[in-house]
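Q: return atomic coordinates for the entry below.
(chains A and B)
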Amino acid sequence: MSLRDDWRRARAVALKDLTAERRSRAGLNAVTFLGVLVLMLFGFALGPDTEAMREAAVGAIWLAILFSGVLAFNRCYQLELDGGALEPLLLYPGSRWSIFVGKVLANLAFVFLVELIVIPVAMVLFHVVVPGGALAQIAVLVLGTIGFVTLGTFYAAMSSRSRSREVLLPLLLFPMMIPALLASVQASTALLSGDLMREAGAWVRLLIAYDVIFVAASLAAFEFAIEV
Amino acid sequence: MTVSPGEVLGIEGHNGSGKSTLLRILATSIRATNGSVHLFGRDIRQHPDWARGQVALMSFTPGLYDDLTARENLVFAANMLGRGHDGIDGVLERVGLLRESGEKVRTFSSGMQRRLALGRLLLQAPRVLLLDEPYNSFDRAGVALVNEVVREVIAAERGTAVIVLHDRHSAAGLLDRVVTMQQGRFVDATAPTRVVEHAGPSLVMGGAS
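A: Modelled structure (predicted):
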C-alpha cells in the first residue's frame, strides 16, 4: 500500500464521518450550544467588569472549545460502535493510521466550524477587539486546534471500548492539554495586547513542538490504541 | 485443522464454544493467545495486512453506517478497498437493493441490512470467506443468495469458506465438512459430503485459541 492509497482511505473516512454528521446535525447543534453556554456562564461569573472580561476572554474561548470538543470526540467513534462497524473498518486492508488521519481530518473540520460560531459570540460577549495581527491569532488558533484534535481523537479511540468513556476521555485528555492550552492562551493574550514583550513567538514555538510530538506519537500508537 | 482450496467448512457448537472467536482470529480482528494460523502458507500474525486483503468476514452484526444510504455504504467500502465505483450498481442489483440504493440504512429491515453486508463482501472479492451465522434474518431467497455468493467466491477465486452455523439445513449441499467446537477445541468432524479437489492447504489452524 502506497501513501496515495493511505490518503485515499483517510479521505474516505473523513468524508463518511462528515456526511453522517451532516445528516444527523444533532452533534453540531449540541456541541455549538455547549460552547456558547460555557462562554455565557463565564460571562456571568466574571460580572459586569468589562476589563476583567476582556482579560479573561482568551482563556474562556479555549475552555469553551475544550469542553465542546470533548463532546465531539466522544461522538466520533460512536458511528462505528452503534452499528458494529468498527470491526469491518479495521479489517479493510491497508494501514490503520490512515483511519486515524481520516478521523482527525473530520474532527478538525468539525471543531473549526464550532470555532467559527463560538469565537464571534465570545468577541461580542467579552468586548474583545483584535487590534491587528488577525492572521497571527488565526495561526495560534489553528496550531492549538491541531494539537487538541489530534490528542482528543487518539484518546477517544483509546476510551471508545470503555463503558465510562464519557468520563474517561476528559480525564485522559485535559491533563495532556495543559501545555497546549497554556501556550495558546499566552500567545493569543500577548498578541491581543500588541505583543510588546515579544513573547508570543516562544509560545508559538512551544505549540509547534507540541503538535509535532503528539501527531507523530498518535500516528505511531493508534494501531495499539484501537485494537479490539 | 487444515482447509483446502475450494472447500467449504461448517463449524457448529454451543453458544460460547469459541466459533465466532475463531473466525475473528482468522480475520486478524483479534490475536490468538496460543497456536498459529497459516493462510496460503503465510503466518497471519507476521502478515496481518496481507491477510486482510485475502479474507472477508461477515459477522453477526452487519457493521453498516445507519446514516448513510446503501449506495454510500458501498462507495465507502469501495474507496477503502481501492476499487472503482463502476461495479456498485451491479452489486446492489445482485443483492436486490438497487431500488432502495438511495435510502438510509437506518430504514432497512435486518434482512436488507444483511443483504447489503453481503454486497460489501462481493465488492471485496476475497479468497477466504468467513461467515458468522450468515443465514440469520434471511428469508428463503436470502438464504439462496448467501449460498450463491459462497459458490461464486469458491469458483472465481479458488477460494475457501468457513461458515459458523447453528442449523446445517440452510447450507445443505454447500458444506464439504462440518466440525463441532466445544470450549475452544474441535471435538468432532464429519466426513466430506462432496468430493473436493485438493491442491495444497489454503488455511491451516494450529491450535489457535
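
Q: next, the contact list for the nearest residue to B:M181 once chain neighbours are set aside, please.
A: In space, and not counting its chain neighbours, B:M181 is closest to B:G13: 3.6 Å by CB to CB, 6 or more residues apart in numbering or on different chains. For the C-beta atoms, the positions are set from N, CA and C on the backbone; glycine is no exception. Going by CB atoms under 8 Å, 6 or more residues apart in numbering or on different chains, B:G13 touches B:K19, B:T180, B:M181, B:Q182.

Q: in the helix or strand hosting A:L71, what counts as buried?
A: Using DSSP states H and E, the element containing A:L71 is helix A:50-76. Buried residues in helix A:50-76, counted by 16 or more other CB atoms under 10 Å in any protein chain shown: A:53, A:55-76.

Q: please apply the same query to stretch A:215-227.
A: In terms of neighbour count (16+ other CB under 10 Å), stretch A:215-227 has its buried residues at A:V215, A:S218, A:L219, A:F222, A:E223, A:A225, A:I226.

Q: looking at this, B:I11 is in a strand?
A: Yes. Read with DSSP: H, G, I helix; E, B strand; the rest coil, B:I11 is one of the residues of a strand.

Q: ok, it - contacts?
A: B:I11 sits next to B:K19, B:L22, B:V162, B:I163, B:V164, B:L165, B:V178, B:V179, B:T180, B:M181 when contact means CB under 8 Å, 6+ apart.

Q: repeat the analysis, applying 6 Å as the threshold.
A: By CB atoms under 6 Å, 6 or more residues apart in numbering or on different chains, the residues touching B:I11 are B:K19, B:V164, B:V179, B:M181.

Q: and for B:L39?
A: Counting by CB under 6 Å, 6+ apart, B:L39 touches B:A51, B:Q54, B:L203.

Q: show me the shaky parts of chain B.
A: B:189-202, B:206-209 (pLDDT under 70).

Q: a markdown table for the contacts of B:I11, including secondary structure and neighbour count?
A: Formatted as a markdown table, these follow (DSSP: H, G, I helix; E, B strand; the rest coil; neighbours: other CB atoms under 10 Å in any protein chain shown):
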| residue | secondary structure | neighbour count |
| --- | --- | --- |
| B:K19 | helix | 24 |
| B:V164 | strand | 22 |
| B:V179 | strand | 18 |
| B:M181 | strand | 20 |
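
Q: tell me how many other residues crowd residue 12.
A: Just so you know, I chose chain A. For A:A12, the neighbour count with other CB atoms under 10 Å in any protein chain shown is 22.

Q: please go with chain B instead
A: Neighbours of B:E12 under the rule other CB under 10 Å: 19.

Q: do B:R151 as well
A: Close neighbours of B:R151, defined as other CB under 10 Å, add up to 14.

Q: that's a strand at it, yeah?
A: No. Under three-state DSSP, B:R151 sits outside any strand and is assigned helix.

Q: mind checking which of the buried residues of stretch A:215-227 are in helices?
A: Here DSSP state H is the test, and those give A:V215, A:S218, A:L219, A:F222, A:E223, A:A225, A:I226 as lying in helices.

Q: close to chain B: what parts of chain A are there?
A: Contacts of chain A with chain B, taken as CB under 6 Å from any CB of the partner chain, map to A:5, A:9, A:12, A:16, A:20, A:23-24, A:83-85, A:87-88, A:91-93, A:228.

Q: which segments of chain B make up each domain?
A: Domains of chain B are assigned by automatic domain parsing as B:1-54+B:126-209, B:64-124.

Q: which residues in chain B form helices?
A: Using DSSP H, the helices assigned to chain B run over residues B:19-26, B:48-54, B:70-81, B:88-94, B:110-124, B:140-157.

Q: which regions of chain A sit below the pLDDT cut-off?
A: In the predicted model, chain A carries pLDDT under 70 at residues A:1, A:131-132, A:195-197, A:228.

Q: ok, which stretches of it are helices?
A: All helices of chain A, identified by DSSP H, fall at A:3-24, A:26-46, A:50-76, A:78-82, A:86-90, A:97-125, A:134-159, A:165-192, A:200-226.

Q: skipping its backbone neighbours, what lies nearest B:G84 in space?
A: For B:G84, ignoring the flanking residues on the chain, the nearest one in space by CB to CB, 6+ apart is B:A78 at 6.9 Å.

Q: the nearest residue to A:E199 once chain neighbours are set aside: neighbouring residues, count only.
A: Spatial nearest neighbour of A:E199, chain neighbours left out: A:A190 (5.1 Å); criterion: CB to CB, 6+ apart. Counted with other CB under 10 Å, residues neighbouring A:A190 total 22.

Q: tell me who's in contact with the nearest residue to A:L105 once chain neighbours are set aside.
A: Closest residue in space to A:L105, ignoring its immediate chain neighbours: A:A14 at 4.0 Å, by CB to CB, 6+ apart. The contact partners of A:A14, taken as CB under 6 Å, 6+ apart, are A:G102, A:L105, A:A106.

Q: if we only consider the contacts of B:G13, which is nearest to B:L92?
A: When those are ranked by distance to B:L92 (CB to CB), B:K19 comes first, at 30.3 Å.

Q: without its sequence neighbours, what residue ends up closest to that closest one?
A: Once flanking residues are discounted, B:K19 sits nearest to B:V164: 4.4 Å by CB to CB, 6+ apart.
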